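Engineer: Turn this into a structure:
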Amino acid sequence: MLYRVEGIVIRSMDYGEGNKIITICTENAGKIGVLVRGAKKVKSRHAALTQLFTTAEYVFFRNGTGLGTLNSGEISSSHHVLRQDLILAAYASYACELLDRVLQDEETGSFWYHQLKACLDALEEGKDPGIIINLYEMKILQSAGYGPELLSCISCGKDLSEDDSSAVSPRLGGVLCRSCRHLDPPALKISPKSLKLLRLFARLDLRRLGHVDVKEETKAELKTVMRAFMDMQLGLNLKSQSFLDQMEKYGL
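Structural biologist: Below is the predicted model of the structure:
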C-alpha cells in the first residue's frame, strides 16, 4: 500500500552498501521506519530526505506494519542551520533521540510531531537552547507519566506558593514543603524563580514559547533540577546527552 505522510527524521542509519533506514516522527501515523535505497550514493535524489531534522512529505510503500520503502518525497524544511552548528546539532539530536527512546510508536502523533517541530524551529530561530530543552524535557516527562508535582507538597499535599517550597525531590517526584523536607535529605534546593519557570514549563506548549530572558544562575539551577528528574525517573543512557555533557565539560 502507498502511504503519504508529513514527518521529521529523528534517526538515520546506514543499511548495506548504498542504502539508509530512517525513522520518521509523523504527524498522523506515529513513528515509522523507511528504507531509502541508494541514499548513500553521490548522485542520489533521495539523500537530502534522510538527513536528521529534515521535515518533509514522504511517500512510501509498505505491506502490513513492517518497514516501508521510499518512493518519493518533498522537503518543507531541511533545518540545515542546525546541522551546520555543532552546539545546535547536539541539542537537536538530543531532542530527537529522547523522543525516539521514550515514546513508543503509538504514543507519537500529531501532538509530538508539532512539539518536536516547534523545538527544532525554536533552536534554529536562536532562542535559548537550554530553556527550549528544559521545556521539551518537561513535556517528555509528562507524556511518559512522570510529570513532577509542582503545585503542592508531594508528601503531605499542602498547596505551595513559589516561596513556600524549600526543595524539589526527583526521587519522590515533586516539591516538598519545609515540614516534609526531611523525608528526602538529597532533595535539591530550589529558588522561587526556578520553581515559577518549572510551573510554566508544565503548562506551556512549545509552540507558544517566545523569547525568554533568564539569568545564568537560574538557567544553571533549572538544568540541574531537570537533569536530576530525567536521570531519576527515566534513567536513560543517551549518546546525545553524553555529547552535550562533553561540550559543557570543555566549555563549548
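
Engineer: measure Ala202 to Met13 for me?
Structural biologist: 34 Å (Cβ to Cβ, to the nearest Å). Bear in mind the C-beta positions are built from the backbone N, C-alpha and C, glycine included.

Engineer: out of the two, which sits in the busier spot?
Structural biologist: Ala202 (17 against 11; other Cβ atoms under 10 Å).

Engineer: Please name the residues that touch that one.
Structural biologist: Ala202 makes contacts with 138, 142, 147-148, 150, as judged by Cβ atoms under 8 Å, 6 or more residues apart in numbering.

Engineer: Could I get the CA-only coordinates of the helix or strand where it lies as CSV?
Structural biologist: Ala202 is part of helix 192-203, with elements assigned from DSSP states H and E. Extracted C-alpha coordinates of helix 192-203, given in CSV (Å, rounded to 0.1, in the frame of the first residue of the first chain):
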residue,chain,number,x,y,z
PRO,A,192,11.2,30.8,43.7
LYS,A,193,12.3,32.0,40.2
SER,A,194,13.2,28.5,39.2
LEU,A,195,10.0,27.0,40.6
LYS,A,196,8.0,29.6,38.8
LEU,A,197,9.6,28.7,35.5
LEU,A,198,9.2,24.9,36.1
ARG,A,199,5.5,25.5,36.7
LEU,A,200,5.3,27.5,33.5
PHE,A,201,7.1,24.7,31.6
ALA,A,202,4.5,22.2,33.0
ARG,A,203,1.6,24.0,31.3
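
Engineer: report the longest strand in the protein, please.
Structural biologist: strand 2-15 (DSSP state E).

Engineer: Please state the offset of it from the chain centre?
Structural biologist: In terms of Cα atoms, centre = their mean, to the nearest Å, the centre of strand 2-15 is set 17 Å apart from its chain centre.

Engineer: average pLDDT across it?
Structural biologist: The pLDDT scores in strand 2-15 average 94.

Engineer: Quick one: the helices in the chain, in order.
Structural biologist: For the chain, applying DSSP state H gives helices covering 80-84, 86-102, 110-124, 129-143, 192-203, 216-233, 239-249.

Engineer: Quick one, which of those helices gets closest to Ser169.
Structural biologist: Smallest distance to Ser169 across the helices of the chain (Cβ to Cβ): 8.9 Å, for helix 216-233.

Engineer: got the contact list for that closest one?
Structural biologist: Outside helix 216-233, the residues touching it (Cβ under 8 Å, 6+ apart) are 128, 130-131, 134, 137-138, 141, 144, 146, 148, 168, 170-171, 173, 188, 190-191, 193-194, 197-198, 214, 236.

Engineer: so which of the helices of the chain comes closest to Glu57?
Structural biologist: Judging these by Cβ to Cβ, what sits closest to Glu57 is helix 110-124, at 12.7 Å.

Engineer: Average pLDDT for that closest one, rounded please.
Structural biologist: 95.

Engineer: Give the other helices and strands that it contacts.
Structural biologist: strand 2-15, strand 19-26, helix 80-84, helix 86-102, helix 129-143 (3 or more Cβ pairs under 8 Å, 6 or more residues apart in numbering; DSSP states H and E).

Engineer: Name the strands paired with the second one and say parallel or antiparallel.
Structural biologist: Read that as strand 19-26. Applying DSSP bridges, strand 19-26 is found paired with strand 2-15 (antiparallel), strand 31-36 (antiparallel).

Engineer: Identify the bridge partners of Ala167.
Structural biologist: Leu176, Lys189.
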